[in-house]
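Undergrad: I'd like to go over a predicted model; first the sequence, then the structure.
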Amino acid sequence: WKLSGSFRMDWKFADEEGVQYTPEGTDHDAVLRTPSNYLQFVKKIDDKVTYRARFRFKDDEWGVQWKENFITVKLPYDITGKFGMMSLIDWEGDSGLYQADFGDDAWFLDGRYEGMWFKKDFSMGDFQVFMAEAGTGDADWGYGDGLFYGARANFNVNEQFRFALNYFNYDYDHSDDWSVYWADFGFNFTEDVALKGAYYFEDLEETFNGWKAILDINEN
């Protein structure tokens, strides 16, 4: 077993009301918080199976909860499978379509899901599929129980250009289903300059479209 974790503490000072986590309408000069702490357990069972669990301790209404609790299995035909509560489905992050350090977030996915996920690598990219239970983890968007599933095909055409096709669907038991399709790409002009983008189609009560375009220039 490998045991690891993190401890975080914030102590915010304020010289007037309503500043730096000081609640409005109070005269507190400082607020002490332990906002998010983790304990993580990893066990390599054998060459093909690994278990991982992560507890989160947070000073909000959630209290103590599973952040992750899953096994990773090396399957035949070079397929990797994960089963349980996991935090790995972030296809927009895989394509560099948002920057978390700047406060951005993914439009879709990027959360905790309880289900199963499979990935098959091939010479020019990879193929992924997953299925999870709606109503658990971050798949609970208030629509009720059901299934949540999707697929992604990513192609690395050459060292400069890649593109991917993505799809996921909410199949709810007691409300209307909805799905999202998107295509994304990345083109490297040089090692330091890249153009990235995506176009989205949402199949809701009405059809909504959206797009992103990012010119990524690193500090070099």
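TA: Yep, that arrived.

Undergrad: So which residues of the protein form strands?
TA: Using DSSP state E, the strands of the chain run over 2-6, 10-13, 30-33, 37-44, 49-57, 64-75, 79-86, 113-122, 125-134, 146-156, 161-172, 178-188, 193-203, 207-217.

Undergrad: Only the buried residues of the fourth one, if you could.
TA: Neighbour-count burial for strand 37-44, counted by 16 or more other Cβ atoms under 10 Å, picks out 37-41. Bear in mind the C-beta positions are built from the backbone N, C-alpha and C, glycine included.

Undergrad: and what of the last one?
TA: Buried positions in strand 207-217, judged by neighbour count with 16+ other Cβ under 10 Å: K212.

Undergrad: That one: partners in the sheet, and parallel or antiparallel?
TA: Strand pairing for strand 207-217, using DSSP bridges, gives strand 193-203 (antiparallel).

Undergrad: And for the fifth one?
TA: Strand partners for strand 49-57, identified by DSSP bridges, are recorded as strand 37-44 (antiparallel), strand 64-75 (antiparallel).

Undergrad: Output that strand as CSV, nothing but the C-alphas.
TA: The C-alpha coordinates for strand 49-57 follow below in CSV (Å, rounded to 0.1, in the frame of the first residue of the first chain):
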residue,chain,number,x,y,z
VAL,A,49,-4.7,-4.6,-11.6
THR,A,50,-4.3,-1.5,-9.4
TYR,A,51,-6.7,-0.2,-6.8
ARG,A,52,-6.9,3.5,-5.9
ALA,A,53,-9.1,5.4,-3.4
ARG,A,54,-9.2,9.0,-2.4
PHE,A,55,-11.1,10.6,0.5
ARG,A,56,-11.9,14.3,0.5
PHE,A,57,-12.5,16.2,3.8
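
Undergrad: Ranking helices and strands of the protein by mean pLDDT, which lands last?
TA: Taking mean pLDDT, DSSP states H and E as the measure, the chain has strand 30-33 as its least confident helix or strand, at a mean of 68.
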